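A.B. asks: Could you look at this predicted model? Sequence included:
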Amino acid sequence: MQGHLATEAAIQPVAPAVQVPAVERYGVVPMPNLAWTPEVERATAHLYEKVKAIIPPVEWPFHAPYVKAINDLKKERNAVILAHNYQTPEIYNCVADVVGDSLQLAKLAAKSDADIIVQGGVHFMAETSKLLNPNKTVLIPDRKAGCSLAESITGADVRLLRQRYPGVPVVAYVNTSAEVKAEVDICCTSSNALKIVESMGSDRVIFLPDQYLAKNVQAQTKVQIIAWKGACEVHERFTAEELLRYKADDPSIQIIAHPECPPEVVAVSDFAGSTAAMIDFVKTRKPKRVLMVTECSMADNVATETTGTEFVRPCNLCPHMKRITLPKILDSLVYLREEVTIDPLLAERARRSVERMIEVG
């Protein structure tokens, strides 16, 4: 990770300073030379070793100049690049300083002394990073990198839910906008959703926005869950029928699913868990063949970190994650585009719901 790690206390945010546009604070630097040269080849050879089983040799001369330029420039800028597990292998393995799920990325970024955070992920992740790092500059290489879950609900929707169900606590999946986080009691991730729901001390809980995560949590608790009707456009496309066909062809295959999938998909899987839990499953159990029921770049990235496991890829790509590319990351670092800002009053309210989640664990 770029920069030195501070103590756990560094996670506690401080009052944000007056916002000055990043380009005024740090200035623009010249665009680096992006030619494929022997120097670039030598400088990136160790990184290509990590991805050579995933990225064909014919493609590397295109990626490598960007990889070198980004890695050089982030040192000059004192920047850290966060890459979600769904980012493409050349980003995840070759320029990222921190990889993981959305909350892992934001928490780890808060421990860095980097001045600039570049979010390799979607917009709600960049907002979460900004909430936990109010005095750092947070950039997202493509502002249009959205999320079907985050876009399925607004702050006004949450206020209407509170009117309809007065006194019922509201839990929001971290895959939501800062506007929504500001209206709820607490956030959760896919790994701690059950714990968060049961921590509310209520026999009923409003859970938003993922209806399938809500149903999968409902199957594990006596708490009545009132669910919103949002869904991840990647995970909702998987079906139990297609997974059963894989099992019929090879009964030994291990199927591991993300809990954003429909309950019938989870029911026919051998394991269900967050992206971090899925990675741990592969690394610790070392199955001979595995089918990861999630965004397919994750299988590519896990494959670069493991040996002896064959990955079967029923490939559903997230079009929003794929908006983040090496050229856009470089452009963001050179010109300091697109900076993520949040109204301070809204940010203060939204930050509380994330901090409460961290306190629960």
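C.D. replies: That came in fine, so what should we check first? Residues are numbered from 1 along each chain as shown.
A.B. asks: Give me the domain ranges for this protein.
C.D. replies: Per automatic domain parsing, the structural domains of the chain span 8-145+322-342, 150-232, 235-317.
A.B. asks: For residue 360, find the nearest of the ones you listed.
C.D. replies: domain 150-232 (5.1 Å; CB to CB). Just so you know, the C-beta spots here come from the backbone N, C-alpha and C atoms, and that holds for glycine as well.
A.B. asks: Which one of the domains of the chain lies nearest to residue 357?
C.D. replies: domain 150-232 (4.4 Å).
A.B. asks: Give the rounded mean pLDDT of that closest one.
C.D. replies: Domain 150-232 shows a mean pLDDT of 97.
A.B. asks: okay if I get the domains of the chain as a markdown table plus distance to residue 359?
C.D. replies: A markdown table is the format used below for these (distance: least, CB to CB, whole Å):
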| stretch | distance to residue 359 |
| --- | --- |
| domain 8-145+322-342 | 11 |
| domain 150-232 | 9 |
| domain 235-317 | 19 |
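A.B. asks: With respect to residue 350, which of the ones you listed lies nearest?
C.D. replies: domain 150-232 (3.8 Å).
A.B. asks: what about the helices in the stretch 51-200 of the chain?
C.D. replies: Taking DSSP state H, counting those that start in this stretch to define them, one finds helices in the stretch 51-200 of the chain at 60-77, 89-92, 102-109, 123-132, 155-164, 178-181, 193-199.
A.B. asks: ok now do the closest residue to residue 44 other than its chain neighbours, which residues does it touch?
C.D. replies: The shortest distance from residue 44 to any non-neighbouring residue, by CB to CB, 6 or more residues apart in numbering, is to residue 64 (4.4 Å). By CB atoms under 8 Å, 6 or more residues apart in numbering, the residues touching residue 64 are 36, 40, 41, 44, 48.
A.B. asks: Just the buried ones from those residues?
C.D. replies: Neighbour counting by 16 or more other CB atoms under 10 Å classes 40, 44, 48 among those as buried.
A.B. asks: hey, least reliable of the domains of the chain by pLDDT?
C.D. replies: domain 8-145+322-342 (a mean of 90).
A.B. asks: can you tell me which residues contact the closest residue to residue 261 other than its chain neighbours?
C.D. replies: Excluding the flanking residues, the one nearest residue 261 by CB to CB, 6+ apart is residue 235, at 4.6 Å. Neighbour list for residue 235: 212, 258, 260, 261, 262, 293, 294, 316 [criterion: CB under 8 Å, 6+ apart].
A.B. asks: next one: residue 244
C.D. replies: Counted by CB under 8 Å, 6+ apart, residue 244 has contacts residue 268.
A.B. asks: Show me what secondary structure element comes after the host helix or strand of it.
C.D. replies: For residue 244, the element it lies in under DSSP states H and E is helix 240-249. Toward the C-terminal end, the helix or strand that comes next after helix 240-249 (DSSP H and E) is strand 254-257.
A.B. asks: Listing partners with orientation, what would you give for that next one?
C.D. replies: In the sheet, strand 254-257 lines up against strand 271-272 (parallel), strand 289-293 (parallel) (DSSP bridges).
A.B. asks: Buried residues, the helix or strand immediately after that strand in the chain. List them.
C.D. replies: Going down the chain from strand 254-257, the next helix or strand is helix 263-267, by DSSP H and E. Of all the residues in helix 263-267, those buried under the rule 16+ other CB under 10 Å are 263, 265, 266.
A.B. asks: other SSEs contacting helix 263-267?
C.D. replies: helix 211-218, helix 240-249 (3 or more CB pairs under 8 Å, 6 or more residues apart in numbering; DSSP states H and E).
A.B. asks: Convert the C-alpha atoms of that helix to PDB, please.
C.D. replies: The C-alpha coordinates for helix 263-267 follow below in PDB (Å, rounded to 0.1, in the frame of the first residue of the first chain):
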ATOM      1  CA  PRO A 263     -32.100 -17.600  -2.900                       C
ATOM      2  CA  GLU A 264     -32.600 -20.500  -5.200                       C
ATOM      3  CA  VAL A 265     -29.100 -20.000  -6.600                       C
ATOM      4  CA  VAL A 266     -27.700 -19.900  -3.000                       C
ATOM      5  CA  ALA A 267     -29.700 -23.100  -2.200                       C
END
